[in-house]
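Visitor: Quick one: sequence and predicted model below, then my questions.
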Amino acid sequence: MITSLPDRLVAIDLTKQYNSHTALNQLNLRLKAGDIFCLLGQNGAGKTTTINIFLGFIEASAGKAFINDIEVRPGDNTLKKHLAYIPEVVQLYGNLTGVENLHFFSRLAGFDYSPEALAQFLQHAGLQPEAHRKKLVTYSKGMRQKVAIAIALAKDAAVIFMDEPTSGLDPKATQEFTTIVKQLGSKGKTILMATHDIFNAVAVGTHIGIMKNGMLMHTLKTADITANELQKLYLETI
């Protein structure tokens, strides 16, 4: 008998208000294992607010957010072991090497891996072996992101949040990043990505949402739309 996968990430009427400004307006969302959901929208559309609520960085004004059936509450560290976050600017220690950063952050998450295992995580994330022992201060943005992905792998995070991950990447680095993210989805990771990149969203996502003024205006399967069709719908929406 075929059974549907359980919901891994859920938003129910999720709302965030700042005085008279509504940053997020009754968002409803359900993602399962393997879903890569790309949120498109202009600055201020509500994409980052959505991610910040799920991460527990800010508190919703109304509605509820759940990860693995656990309600998200600011200050509650219960969910941290389930999550990884890759921001637009990855915050790592520049004076440490790639492998040292990975060792440090995986230890914080409660894991103590051998040098061989750490190297494997970095390689799976696409970082070339010759870069493993170079200091982060010498890394490009794309290389830093690969270390962040390795940290997510080392934590065995079920849900990964990404905020504008391809911003500032050259085409080759963007293609490498897309390949890695699709591999994560194929391994059952659930990914929520905020992005401005319409063409990359079609390339990497399983689903796409278009946001405007804090509202989710459209939800689409990428299999049902081309990049040009999405661009037309996006421009009509915003």
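Guide: Thanks, I have the structure now.
Visitor: Compute the distance between the closest residue to Arg73 other than its chain neighbours and Ile67, please.
Guide: Closest residue in space to Arg73, ignoring its immediate chain neighbours: Gly56 at 6.8 Å, by CB to CB, 6 or more residues apart in numbering. For the C-beta atoms, the positions are set from N, CA and C on the backbone; glycine is no exception. Using CB to CB, to the nearest Å, one obtains 10 Å as the distance from Gly56 to Ile67.
Visitor: Compare these two (neighbour count), which wins?
Guide: Neighbours of Gly56 and Ile67, each counted by other CB atoms under 10 Å, are more numerous for Ile67; the result is 22 against 19.
Visitor: which ones are touching that one?
Guide: Residues in contact with Ile67, defined by CB atoms under 8 Å, 6 or more residues apart in numbering, are 8-10, 54, 79, 82-83, 158-159.
Visitor: Please, where are all the helices along this protein?
Guide: 47-54, 98-108, 115-124, 141-155, 171-186, 198-204, 227-237 (DSSP state H).
Visitor: Please state the offset of the last one from the chain centre?
Guide: Looking back up the chat, that one is helix 227-237. Relative to its chain's centre, helix 227-237 lies at 23 Å (CA atoms, centre = their mean, to the nearest Å).
Visitor: Are there helices or strands packed against it, and which ones?
Guide: helix 198-204, strand 207-212, strand 215-221 (3 or more CB pairs under 8 Å, 6 or more residues apart in numbering; DSSP states H and E).
Visitor: Can you read off the pLDDT for Met1?
Guide: pLDDT, Met1: 41.
Visitor: picking that back up, so which of the helices and strands packed on helix 227-237 is the most packed in?
Guide: Across these, averaging neighbours per residue (mean count of other CB atoms under 10 Å) puts strand 207-212 on top, at a mean of 22.
Visitor: Nearest residue to Phe105 in space, please, no chain neighbours.
Guide: For Phe105, the spatially nearest residue (CB to CB, 6+ apart) is Ile151, at 4.8 Å.
Visitor: Quickly note the distance from the closest residue to His103 other than its chain neighbours to Thr97.
Guide: Leaving aside its sequence neighbours, His103 sits nearest to Leu118 (CB to CB, 6+ apart; 5.8 Å). As for Leu118, its distance to Thr97 is 10 Å (criterion: CB to CB).
Visitor: so the residue nearest to Arg73 sits right up against Glu71, yeah?
Guide: No: contact status for Gly56 versus Glu71: not in contact, 10.5 Å apart, counting by CB atoms under 8 Å.
Visitor: Who are the contact partners of Glu176?
Guide: So Glu176 contacts 126, 142 (CB under 8 Å, 6+ apart).
Visitor: Model confidence for it, exactly?
Guide: Confidence for Glu176, expressed as pLDDT, is 87.
Visitor: Also the one 10 residues further on?
Guide: Reading off the per-residue confidence, Ser186 sits at a pLDDT of 94.
Visitor: and Leu14, how many neighbours does it have?
Guide: Other residues within reach of Leu14, judged by other CB under 10 Å, total 26.
Visitor: Confirm for me that it is in contact with Thr22.
Guide: No: under the criterion of CB under 8 Å, Leu14 makes no contact with Thr22, lying 11.5 Å away.
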